[in-house]
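[1] have a look at this prediction, sequence included:
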Amino acid sequence: MTVQVGVLGATGAVGQRLIQLLEPHPDFEIAALTASDSSAGHAYRDVAKWRVDTPIPAEIAEMTVHATTPEAIPDDVDLLFSSLPSSVGAKVEPPFCEAGYVVSSNSSNSRMAEDVPLVIPEVNAEHLDLLEVQRDERGWDGALVKNPNCSTITFVPTLAALAAAGFTLEEVHVATLQAVSGAGYDGVSSMEIIDNAIPHIGSEEEKLETESRKLLGTFDGAELTHDGVEVAASCNRIPTLDGHLENVWVEAEEELTPADAADAMAEFPALDLPSSPDPLIHVFEDPSRPQPRLDRNLGDGMAIAAGGIRESTFGLQYNCLAHNTIRGAAGASVLNGELLLENGYL
């Protein structure tokens, strides 16, 4: 059965990626697009400055854009993908859930709420059952699930692989080298970023430090307990277009060798979902890999790449990479939608 879906915030960069991924999807069919009031009532092709690297789908181009309200969504839509700015998402996502819609959201609002599952399906699919608590507490017929920040998604699967192999993580330091697309098309001017690097991205460090502990935490059926690992992050914007590269240092309670880490990451399982790549983590022996230009599109942009694994004066050091607008944003929301369908929440 094909599930009818909608995209909230369809004209933005992540909204366009969602359309690119959803249009050929085997289980989802786009039935509604929403955007700002100024775009509502117009054909999508007239209000979306299409910047994705494939042509705009012909049928989508002719669709009429709706206002971002529950009343504007057709009755046969079961699942909404939200790419709204967090300030907007915080206001409009709850009314959609109250109206009975299930929302798979990339927006940062409510990610750390106690009753909102923050999910990377290959890492913590069991956290999705927090939706039962959410529905009981909020009285919603719908539901709200979040995917993490694009930089969090890049390194947490590698940590989860180490934990799954039996290593107790005590301390993690991560330094990010983040692509300009993570700030949106108008987020960083060329005069700021060309021949430059910006050693601060507002609120990004806190997201990595808190979201990672929630993702690695345990859910007992009633309450989610965050993992005890200490995470410290430093975030930098660099002049690459797509692909967040991250340098990670890990201290474990047990002895953790480069060979142990490489095996754990390479063997960490994918899921039997349409958007889950196999393998999930590509491990390079070449210490100069991964690189954004060469490796961001592994697994159709949904895979994590890791390499440069070595011993350091602070535990184990390695590098990892993910495509920030596919795996780190739109693709992550689509994958959560697939998990929702698989687990009977639609």
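    Alright, I've got the coordinates.

[2] would you map out the domains in the chain?
    For the chain, automatic domain parsing gives the domain ranges 3-148+329-342, 150-324.

[3] how about those domains in JSON lines, adding mean neighbour count and mean pLDDT?
    Yep, even glycine has a C-beta here, placed from its N, CA and C like the rest. Shown next, in JSON lines, are those (neighbours: other CB atoms under 10 Å; pLDDT from 0 to 100):
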{"stretch": "domain 3-148+329-342", "mean neighbour count": "20", "mean pLDDT": "97"}
{"stretch": "domain 150-324", "mean neighbour count": "18", "mean pLDDT": "97"}
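
[4] now the nearest residue to L131 once chain neighbours are set aside, which residues is it bridged with?
    Nearest non-adjacent residue to L131, counting by CB to CB, 6 or more residues apart in numbering: A143, 4.7 Å away. A143 has the following beta-bridge partners by DSSP bridges: V102.

[5] who's in contact with A143?
    By CB atoms under 8 Å, 6 or more residues apart in numbering, A143 lies in contact with 97, 102-103, 131, 134-135, 340, 345.

[6] next: L79.
    Contact analysis of L79 by CB under 8 Å, 6+ apart lists 3-6, 28, 101-104, 337, 340-341, 346.

[7] which among those residues gets closest to A113?
    Distance to A113 across the contacts of L79 (CB to CB) is lowest for V103, with 13.2 Å.

[8] for the closest one, give its distance to A163.
    29 Å (CB to CB, to the nearest Å).

[9] residue boundaries of the helices in this protein?
    Secondary structure of the chain (DSSP state H): helices at 13-22, 44-47, 58-61, 86-98, 121-124, 130-138, 150-164, 190-193, 204-215, 258-267, 292-295, 331-342.

[10] so what's P26 up against?
    P274.

[11] just V231 next, same as before
    171-174, 208-209, 212-213.

[12] a markdown table for the residues you listed, including distance to A262?
    A markdown table is the format used below for the contacts of V231 (distance: CB to CB, whole Å):
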| residue | distance to A262 |
| --- | --- |
| E171 | 20 |
| V172 | 17 |
| H173 | 20 |
| V174 | 18 |
| L208 | 23 |
| E209 | 26 |
| S212 | 21 |
| R213 | 25 |
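
[13] nearest to D46, of the residues you listed?
    L208 (38.3 Å).

[14] how about the closest one, nearest residue that isn't a chain neighbour?
    L208 sits nearest to A233 (CB to CB, 6+ apart), 3.9 Å away.

[15] and T152, by the same measure?
    Nearest to T152 is E211, by CB to CB, 6+ apart, at 4.4 Å.

[16] and that neighbour, how far from T68?
    Distance from E211 to T68, by CB to CB: 25 Å.

[17] and L341, by the same measure?
    23 Å.

[18] name the surrounding residues that touch stretch 320-329.
    For stretch 320-329, using CB under 8 Å, 6+ apart, the contacting residues are 13-14, 17, 21, 83, 106, 147, 149-151, 153-155, 158, 178-179, 181-182, 242-246, 248, 290-292, 295-297, 300-307, 331.

[19] now swap in stretch 259-278 and tell me
    21, 25-27, 121-122, 125, 157-158, 160-162, 164-165, 167, 250, 279-281, 283, 298-300, 302-303, 306, 309, 316, 318, 331, 334-335, 338-339, 342.

[20] please redo it, this time with the cut-off set to 6 Å
    26, 121-122, 158, 161-162, 165, 280-281, 283, 299, 302-303, 306, 309, 316, 331, 334-335, 338 (CB atoms under 6 Å, 6 or more residues apart in numbering).

[21] next: stretch 188-204.
    With contact meaning CB under 6 Å, 6+ apart, stretch 188-204 is reached by 180, 235-239.

[22] report the two of the residues you listed separated the most.
    Longest span within those, CB to CB: C235 and P239, 15.1 Å.

[23] still on that earlier bit, closest to S36 among the contacts of A143?
    V103 (18.1 Å).

[24] from L346, how far off is that closest one?
    Distance, V103 to L346, using CB to CB: 11 Å.

[25] now do E137
    21 Å.

[26] before we move on, what about R138?
    18 Å.

[27] just send the contacts of A143 back as CSV, with distance to L79 too.
    Below are those laid out as CSV (distance: CB to CB, whole Å):
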residue, distance to L79
C97, 12
V102, 5
V103, 8
L131, 13
Q134, 16
R135, 16
L340, 7
Y345, 9
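
[28] which among the residues you listed gets closest to E254?
    For the contacts of A143, the nearest to E254 is L131 (34.3 Å; CB to CB).

[29] roughly how far does the closest one sit from I238?
    Counting by CB to CB - L131 and I238 are separated by 37 Å.
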